[in-house]
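In: A predicted structure for the sequence below; I have some questions about it.
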Amino acid sequence: MVEHILKVAPKSAKVVFENDKIRVIEIAMRKGQKLTMHSHMPNLTYGITNSRLRTTSPDGKSGVVRMKKGEASWSDGSSHSVENLGGLSLILSIELKG
């Protein structure tokens with residue numbers, strides 16, 4: 001099983017709020033930074049800055065994701081590695097708890 005982003009990237013991902021229903025994680029990546037394979041619970045992702053990221057799934061498929069400042073997207077949970085292809089990337093991940 002792939003470990004959660006908080007275990008894999010403690011210098012880049014930090015909890016900014018948590019209660020029994022949600023956990024809000026701020027993810028900060030500098031240009032060129034890579035995060036190894038990690039997982040996310042079901043979550044809403046919100047772009048604090050414009051971001052351009054290469055994501056690679058466990059099966060090796062990769063693609064470039066562009067997130068605009070103020071944009072939000074939903075994921076039912078995922079595992080991937082990430083490489084920041086742009087400048088400073090700041091993202092909030094708002095995870096639902098079981």
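Out: Right, received. Where do you want to start? Numbers count the residues shown, from 1 in each chain.

In: Ala13: what's it in contact with?
Out: Ile5, Leu6, Ile25, Glu26, Ile27, Ser93 (CB atoms under 8 Å, 6 or more residues apart in numbering). All C-beta atoms are positioned from the backbone trio N, CA, C, and that covers glycine.

In: the same query, at a cut-off of 7 Å, please.
Out: Ile5, Leu6, Ile25, Ile27 (CB atoms under 7 Å, 6 or more residues apart in numbering).

In: got JSON lines for those residues, with secondary structure too?
Out: Putting the contacts of Ala13 into JSON lines (DSSP: H, G, I helix; E, B strand; the rest coil) gives the following:
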{"residue": "Ile5", "secondary structure": "helix"}
{"residue": "Leu6", "secondary structure": "helix"}
{"residue": "Ile25", "secondary structure": "strand"}
{"residue": "Ile27", "secondary structure": "strand"}
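
In: now the buried members of those.
Out: The neighbour-count criterion (16 or more other CB atoms under 10 Å) marks Ile5, Leu6, Ile25, Ile27 among the contacts of Ala13 as buried.

In: mind listing what the second one touches?
Out: Leu6 makes contacts with Ala13, Ile25, as judged by CB under 7 Å, 6+ apart.

In: show the pLDDT at it.
Out: With respect to pLDDT, Leu6 scores 97.

In: distance of it relative to Met41?
Out: Leu6 is 10 Å from Met41, where distance means CB to CB, to the nearest Å.

In: before we move on, what about the first one?
Out: As defined by CB to CB, Ile5 lies at a distance of 10 Å from Met41.

In: closest to Asn19 among the buried ones among the contacts of Ala13?
Out: Nearest to Asn19 among the buried ones among the contacts of Ala13 is Ile25, at 13.5 Å by CB to CB.

In: ok, the closest one - contacts?
Out: Here Ile25 is in contact with Ile5, Leu6, Ala13, Lys14, Val15, Ser93, Glu95 (CB under 7 Å, 6+ apart).

In: contacting residues for Lys68?
Out: Gly47, Asn50.

In: where do the strands of this structure begin and end?
Out: 13-18, 22-29, 34-40, 43-47, 51-56, 62-67, 72-75, 78-84, 89-96 (DSSP state E).
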